[in-house]
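>>> Structure of the sequence below:
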Amino acid sequence: GRDLDWTRMKRSFSQGRPLGQTSCSVFAIFKNPFLLFSLLLLSLWIFVFITFFPNEPPMKPIQSPDDVVAQPGIFENTENGISSDVDTPMIDGVLLKQQAVKEAFKHTWDGYVYYAWGSDELKPVSKKRGGGWGNLAATIIDSIDTIIIMDFPKEYERVLKYVQDINFNIDYDASTFETTIRYLGGLLSAYELSGEDVFLEKAQELADRLLPAFDTPSGIPYSTVNLKSGKASSPSWSGGTSFLSEFGSIQLEFRYLSHKSGDPIYAEKVNSIMDTMADIDVSSHGGLYPVNYHPKRGEFQGDFITFGARGDSFYEILLKQWIQGGKKENKLKNMYDGAMKGLNERLIQKSSQSQLTYIAEFKSGKLNHKMDHLACFTPGMLALDGDSDHLELAKELMYTCYQFYERNPTGIAPEIAGFSRGGVDFFNQAPHYLLRPETVESLFILFWKTGEIKYQEWGWNIFQSLVKHCKTDAGFSGIKDVGRVPVQYDDKMESFFLAETLKYLYLLFSPRDTISLDEYVFNTEAHPTRIFKD
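Just a heads-up that it's a prediction; the model follows:
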């Protein structure tokens, strides 16, 4: 109402009459002290209003695709030519939604550059530098292919220069898995999309420092390796075992590196892992694989089976290796098919109220009725394999993963949803949110495969919720409880938010040939490389 009143004021005074319907003359006003005082007070109010208040309405909360999706950025780095002081346009059409995601990335990237350049992560609330991955600039390397795909030429030139000078010879116990999917995968995808040789050279340099992790009798690598000394180990708290989702998710990168470098050693190391896994008898588990394996003996330990943490991406990469190799390696496809049969027969469950389809876990001889956000990669995986029965299951699981978002006050999903046999479908068993990408990843793949518009609509709703509840002055932050409004930030922004979450949202609203799933395969950190043609 404030802008409407201001418009009336300007119109009334421009026509030479006071505001409102009154018969008072100017002379009458000056004869009446009360009216004169009121006029002076009104004039003072108008002066203050014009001087101190903007002539635009305040930004409304995001509620629909017709609302503005981002506040203007508050920081500028003119020294580097970087600015975020740009309003997001009104949303009208799919490509403008794509543009809104692009601007969210730019806002986030500018915050990282301004406050945390060269560090692993930005703390988006306190605006401080964050570590955790050896201080090798995880956010930079994880984001290069997103920068290329979204077409940020100045930002690309800056990261290219940074990578040319990066040094991996540091005394740091690196995670074999995280270093492969974030750094090695990021460099190789950057090489694929740009053709710059330095990315391939740096990838090979890094891979050589990871190779000592594979020096085990079974071929199953240790969980960590020191990038300087080459000393490798697995954590004592896991009994010295390595995790299925870690050693089983690094194959695409090493195979691609051999394909491009001409050196077979990298592919040989990861193919040896799959040979070991193919020889393990998992028939008692219905073709599914427990999560703990001993690097020396090549045997699994315990019976914990999950499509969540420590199990998840093994199944995804089984399928994607088969796709990467031109769908010729039948051993991989047979392992995948056997696991999907076990998934359907042993882990797929229905909720008590709405019959939501979900994936339970198996541990200590019984089902555990919980589903991690991480497991929401599964709909996309099932849609990717080309099996029509799997596609129907994918759609059911996709709906469930979206309900994790839709049914929370923030419109954001919890880290873990628990399923009870009582009066509700699910509850927030672990209520925090880490800016995870799995649901939007699956939305992208399902939309790409089916063309059903609802998947774009669901993705847009999720994006709006992220902007509304996770966006900060300098980036986006995870939140502590998706069931509470207003939210509490955790002041953490993982590099995968730029590498995966925003990339998949961008691709969801992009033309199909931007990154075609007929030509590219994504690693588990959303880094695309081309499918082998020879």
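>>> When you work out contacts or count neighbours from here on, use the C-alpha atoms and nothing else.
Noted.
>>> Please settle this for me: is Val198 part of a helix?
Yes. Counting by DSSP: H, G, I helix; E, B strand; the rest coil, Val198 falls inside a helix.
>>> Need the mean per-residue confidence for stretch 404-420.
The pLDDT scores in stretch 404-420 average 97.
>>> give me every residue that touches Ile416.
The contact partners of Ile416, taken as CA atoms under 8 Å, 6 or more residues apart in numbering, are Lys370, Met371, Asp372, His373, Asn428, Gln429, Ala430, Pro431.
>>> Show the buried residues in those.
Neighbour counting by 16 or more other CA atoms under 10 Å classes Lys370, Met371, Asp372, His373, Asn428, Ala430, Pro431 among the contacts of Ile416 as buried.
>>> Now, the residues you listed that are in strands?
The strands, defined by DSSP state E, take in Lys370, Met371, Asp372, Asn428, Ala430 from the buried ones among the contacts of Ile416.
>>> Off-centre distance for the lengthiest helix in the chain?
The single longest helix within the chain, with elements called by DSSP state H, is helix 94-116. Offset of helix 94-116 from its chain centre (CA atoms, centre = their mean, to the nearest Å): 13 Å.
>>> List the buried residues for that helix?
By 16+ other CA under 10 Å, the buried positions in helix 94-116 come out as 94, 96-116.
>>> I would like the residues contacting the helix or strand that it is followed by, please.
Counting by DSSP states H and E, the next helix or strand C-terminal to helix 94-116 is strand 121-123. With contacts defined as CA under 8 Å, 6+ apart, strand 121-123 is touched by 111-112, 115-116, 128-131, 137-139, 477, 491-495.
>>> Mind giving me the PyMOL select for these, buried ones only?
Per 16+ other CA under 10 Å, the buried members of the contacts of strand 121-123 correspond to this PyMOL selection:
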select buried, resi 111+112+115+116+129+130+137+138+139+477+491+492+493+494+495
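>>> Which ones among the contacts of strand 121-123 map onto strands?
Short answer: the contacts of strand 121-123 in strands (DSSP E) are Lys128, Arg129, Gly130.
>>> so how far is Phe522 from the first one?
Using CA to CA, to the nearest Å, we find Lys128 at a distance of 31 Å from Phe522.
>>> average pLDDT across stretch 526-533?
97.
>>> Listing request: residues of the stretch 401-534 of the chain with sub-threshold pLDDT.
Scanning the stretch 401-534 of the chain for pLDDT under 70 picks out nothing.
>>> again, only this time at 90
Within the stretch 401-534 of the chain, the stretches with pLDDT under 90 are 420-424, 534.
>>> where do the strands sit along it?
With DSSP state E, counting those that start in this stretch as the criterion, the stretch 401-534 of the chain has strands at 416-418, 427-430, 520-522, 528-530.
>>> Tell me which strands the last one pairs with, and in which orientation.
It stands for strand 528-530. Partners of strand 528-530 in the sheet, by DSSP bridges, are strand 520-522 (antiparallel).
>>> Contacts for the partner strand, please.
So strand 520-522 is contacted by Lys320, Ile323, Gln324, Pro528, Thr529, Arg530, Ile531 (CA under 8 Å, 6+ apart).
>>> The same query, at a cut-off of 6 Å, please.
Outside strand 520-522, the residues that touch it by CA atoms under 6 Å, 6 or more residues apart in numbering are Pro528, Thr529, Arg530, Ile531.
>>> Just send the residues you listed back as CSV, with distance to Thr241 and neighbour count too.
Shown next, in CSV, are the contacts of strand 520-522 (distance: CA to CA, whole Å; neighbours: other CA atoms under 10 Å):
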residue, distance to Thr241, neighbour count
Pro528, 30, 26
Thr529, 30, 24
Arg530, 33, 18
Ile531, 32, 21
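>>> Redo those residues as CSV? Include distance to Leu42.
Formatted as CSV, these follow (distance: CA to CA, whole Å):
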residue, distance to Leu42
Pro528, 63
Thr529, 66
Arg530, 68
Ile531, 71
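>>> Which one of these is nearest to Gly338?
Ile531 (23.6 Å; CA to CA).
>>> Quick one: residues contacting that closest one.
By CA under 6 Å, 6+ apart, Ile531 lies in contact with Gln324, Glu519, Tyr520.
>>> and if you look at Arg512?
Per CA under 6 Å, 6+ apart, neighbours of Arg512: none.
>>> cool, Thr450 as well?
So Thr450 contacts nothing (CA under 6 Å, 6+ apart).
>>> how far away is it from Phe419?
Distance from Thr450 to Phe419, counting by CA to CA: 29 Å.
>>> ok, back up a step: export the contacts of Ile416 to a markdown table and tack on distance to Gly185?
Putting the contacts of Ile416 into a markdown table (distance: CA to CA, whole Å) gives the following:
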| residue | distance to Gly185 |
| --- | --- |
| Lys370 | 30 |
| Met371 | 27 |
| Asp372 | 24 |
| His373 | 22 |
| Asn428 | 33 |
| Gln429 | 32 |
| Ala430 | 29 |
| Pro431 | 30 |
